[in-house]
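Colleague: need coordinates for the following:
(chains A and B)
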Amino acid sequence: MYDTIIIGAGMSGLAAGIRLAYYEQRVCILERHTTIGGLNSFYRMGGRDYDVGLHALTNFTPKGTKKGPLARLLRQLRLSWDELEISPQLGSEIVFPGVRVRFDNDLDLMREEVAREFPADCDNFEQLISQIVDYDDLDESHQRLSARNRLQEILSDPLLIEILFCPLMFYGSAREHDMDWGQFSIMFRSIFMEGLGRPLAGVRLILKHLVRKFRGLGGELKLRAGVKRLQVEEGRVGSVVLENGEVIEGRRILSSAGWPETMRMCDDGQPVTSRGPGKLSFCETIATLDVQPQDLGHRSTITFFNDWEKFDWSQSEQPCDVRSGVICSPNNFDYGGELLDEGTMRITGLANFDYWNELPEREYTLEKLRWYDRMTASAVRFVPDYRSRVIDTDMFTPTTVVRFTGHEGGAIYGTPEKQFDGRTHLDNLFVCGTDQGFVGIIGSIVSGISMANMHCLRD
Amino acid sequence: MTGEEIKEEILDILEAIAPDEDLTQIDDAVNFREQMELDSMDFLDIVMELRKRHRIQVPEDDYLQLANMNSTVTFLLPLMKDIQKV
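Modeller: Okay, the predicted model is just below:
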């Protein structure tokens, strides 16, 4: 009998596992896949290391910072700042027709850029910043207000509103067209006020630290251990039945599998409710170059682009929506003189799950090649054309996301309606991760920690 | 444990919770929250560390007693007087 069984060895499950194992619980993490990480993972192909998910960590704050999510999670997991080896970004940009707004880990750059491009909104932007600074994460009354309405009250130029939404939606909005004011404020702080960073070795470094810590504390991790169903008895999960037929028991279950996915595991016929899976999924192309991007004149860490004056954050009607996207170069962080061996350019854009899901296998492969070319052709309108320097490529689609994460519809950011308190209809079943609260690496880790603290530690 | 030993133990716990923190400058009469910017998660950790290390249960209503070093030592003294320092 375990004290806690955790479903999913992604960032949130591992973080929760560390908390519980540290306080001497018997903990088991069940991972359906052959490797850890979930939405933020890594793989090796053709002799090269690739990251999945990670463009950059948000919430980058320098060593010694006491406030903010990064400092909080380091303390909670007993990690030191140096262990994560996070290097800051060189600087990023948001590009719309005729407008370029640059930002880095010092908000003053963005202030200057907004003042130059949108002089009439200069003071309004300051007002927006002060409202975001004052936003209280714990005050739920403002959480669900429309960020779009709020921005329209404060800012006069609709283009500036679209420009601010673009990076924040790409990096974490499960909702189409709009964001909750609470989520907007938290994302604004995490990206524009704190900042972006990345470890030289990528996401694997973070995951390896988490797993080593979890195992070192006596935690058990079972790979290839998908959950078939949760056996419900008298309003509680009695036992967990694995795909391989094994039955294990725990006093409580913490699931990071996603809300609808977790409800479907319960064998009491619990309706999944109207809270269906999210509709927003992505395609991503990854190009390996025989040159550092900076040698091609590309210094930007992340370039968010959109080629018309509105930014359309909704399920793509095309297989991929090439009007907008995110171009990330992991080379363009300040690694203190060290360089990555090869250049990498990654392009991420919205994609239509149903289209990719319904393709027969042979056509799927061909379509991937076609859309790789279209996405790249769209992106090189905004960054130097690197196509002649490509030595290797890879690409993922919404169906790849499903295969590796189990998230229905390839919904990277999960369901639009979050379950902030992590509770379910069963007394000893809780959710953490993408469908509980916030997204991204830092958000998921904080979710795992806080749900473990709230529901699994105090008895 | 004596009051002085309890204080050492608390410093040790604080060091485990916040390894990057300089604890030599702690003022015993000033709230931890102000000096170290501890949040509610950190206070839960002080409680959990006491449970893990000494099997002491601190009820949630008594968390306020852990506001600063002096109040913490006063609160813990009767609970820890029979515990031997290791």
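Colleague: next, count neighbours for B:Pro78.
Modeller: By other C-beta atoms under 10 Å in any protein chain shown, the residues close to B:Pro78 number 8. From N, CA and C alone the C-beta is placed, and that goes for glycine too.
Colleague: in PDB, could you pull the C-alpha coordinates for whatever helix or strand it lives in?
Modeller: In this structure, B:Pro78 sits in helix B:69-80 according to DSSP states H and E. Output of helix B:69-80 as PDB, limited to C-alpha atoms (Å, rounded to 0.1, in the frame of the first residue of the first chain):
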ATOM      1  CA  MET B  69      12.800  32.900  16.200                       C
ATOM      2  CA  ASN B  70      11.900  34.000  19.700                       C
ATOM      3  CA  SER B  71       8.200  33.000  19.400                       C
ATOM      4  CA  THR B  72       9.200  29.700  17.800                       C
ATOM      5  CA  VAL B  73      11.600  28.800  20.600                       C
ATOM      6  CA  THR B  74       9.100  29.700  23.300                       C
ATOM      7  CA  PHE B  75       6.400  27.600  21.500                       C
ATOM      8  CA  LEU B  76       8.700  24.600  21.000                       C
ATOM      9  CA  LEU B  77      10.400  24.500  24.400                       C
ATOM     10  CA  PRO B  78       7.700  22.500  26.200                       C
ATOM     11  CA  LEU B  79       7.300  20.200  23.200                       C
ATOM     12  CA  MET B  80      11.000  19.500  22.800                       C
END
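Colleague: measure how far that helix is from the centre of its chain, please.
Modeller: 8 Å (C-alpha atoms, centre = their mean, to the nearest Å).
Colleague: need the contact partners of that helix.
Modeller: B:1, B:3, B:6-7, B:10, B:26-29, B:32, B:46, B:50, B:54, B:56, B:62, B:65-66 (C-beta atoms under 8 Å, 6 or more residues apart in numbering or on different chains).
Colleague: could you pick out which of those are near chain A?
Modeller: Residues of those in contact with chain A (C-beta under 8 Å from any C-beta of the partner chain): none.
Colleague: next, the buried residues of the helix holding B:Pro78.
Modeller: The neighbour-count check on helix B:69-80 (16 or more other C-beta atoms under 10 Å in any protein chain shown) flags B:Met69, B:Ser71, B:Thr72, B:Val73, B:Phe75, B:Leu76, B:Leu79, B:Met80 as buried.
Colleague: which of the contacts of helix B:69-80 fall in helices?
Modeller: B:Gly3, B:Ile6, B:Lys7, B:Ile10, B:Phe32, B:Ile46, B:Leu50, B:His54 (DSSP state H).
Colleague: and the buried ones among those residues, selectable in ChimeraX?
Modeller: Selecting only the buried entries of the ones in helices among the contacts of helix B:69-80 in ChimeraX, with 16+ other C-beta under 10 Å as the criterion:
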select /B:6,7,10,32,46,50,54
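Colleague: please identify which pair of the ones in helices among the contacts of helix B:69-80 lies farthest apart.
Modeller: Farthest-apart pair in those is B:Phe32 and B:His54; separation 19.0 Å (C-beta to C-beta).
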